[in-house]
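In: Coordinates only, no sequence provided:
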């Protein structure tokens, strides 16, 4: 009984961590829009 609950917890936490990692990877690799490019250029000019 306890083993089953522990296995479910480990499985659930693994899925949550994998989902979070995939979400942040998607955020970092998504294509930039023209608005984002303009903002990045403005930040570079200020530096």
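Out: Thanks, I have the structure now. All of these numbers come straight from a predicted model, not from anything done at the bench. Numbering: from 1, shown residues only.

In: Of all residues in the protein, which one is nearest the centre?
Out: Centroid-nearest residue in the chain: residue 24, 1.4 Å away (criterion: Cα atoms, centre = their mean).

In: what pLDDT, on average, does the helix or strand encompassing residue 11 get?
Out: Under the criterion DSSP states H and E, the helix or strand holding residue 11 is helix 2-29. For helix 2-29, mean pLDDT is 96.

In: So what's the gap between that helix and the chain middle?
Out: When distances are taken as Cα atoms, centre = their mean, to the nearest Å, helix 2-29 is centred 12 Å away from the chain's centroid.

In: going forward can the numbers begin at 8, since that is how I track them
Out: Sure, I'll start counting at 8 from here, so that last one is helix 9-36.

In: List the buried residues in that helix.
Out: Applying a neighbour-count criterion of 16 or more other Cβ atoms under 10 Å, helix 9-36 contains no buried positions. The way it works is simple: take the backbone N, C-alpha and C, and place the C-beta from them, glycine included.

In: any idea how far residue 15 lies from residue 26?
Out: For residue 15, the distance to residue 26 (Cβ to Cβ, to the nearest Å) stands at 16 Å.

In: Quick check: the gap between the residue nearest to the centre of the chain and residue 37.
Out: 11 Å.

In: Repeat that for residue 10.
Out: Residue 10 sits 41 Å away from residue 37 when distances are taken as Cβ to Cβ.

In: Likewise for residue 27?
Out: Following Cβ to Cβ, the distance that separates residue 27 from residue 37 is 16 Å.

In: ditto for residue 12
Out: Residue 12 sits at a distance of 37 Å from residue 37 (criterion: Cβ to Cβ).

In: Same check on residue 28?
Out: As for residue 28, its distance to residue 37 is 15 Å (criterion: Cβ to Cβ).

In: Check residue 51 too.
Out: 20 Å.

In: ditto for residue 9
Out: 42 Å.

In: And residue 18, how far from residue 9?
Out: In this structure, residue 18 and residue 9 are separated by 15 Å, where distance is defined by Cβ to Cβ.

In: for residue 53, that is, sorry about that
Out: Shown here: residue 53 relative to residue 9, a distance of 57 Å by Cβ to Cβ.

In: again with residue 52
Out: Looking at residue 52 against residue 9, where the rule is Cβ to Cβ, the gap reads 60 Å.
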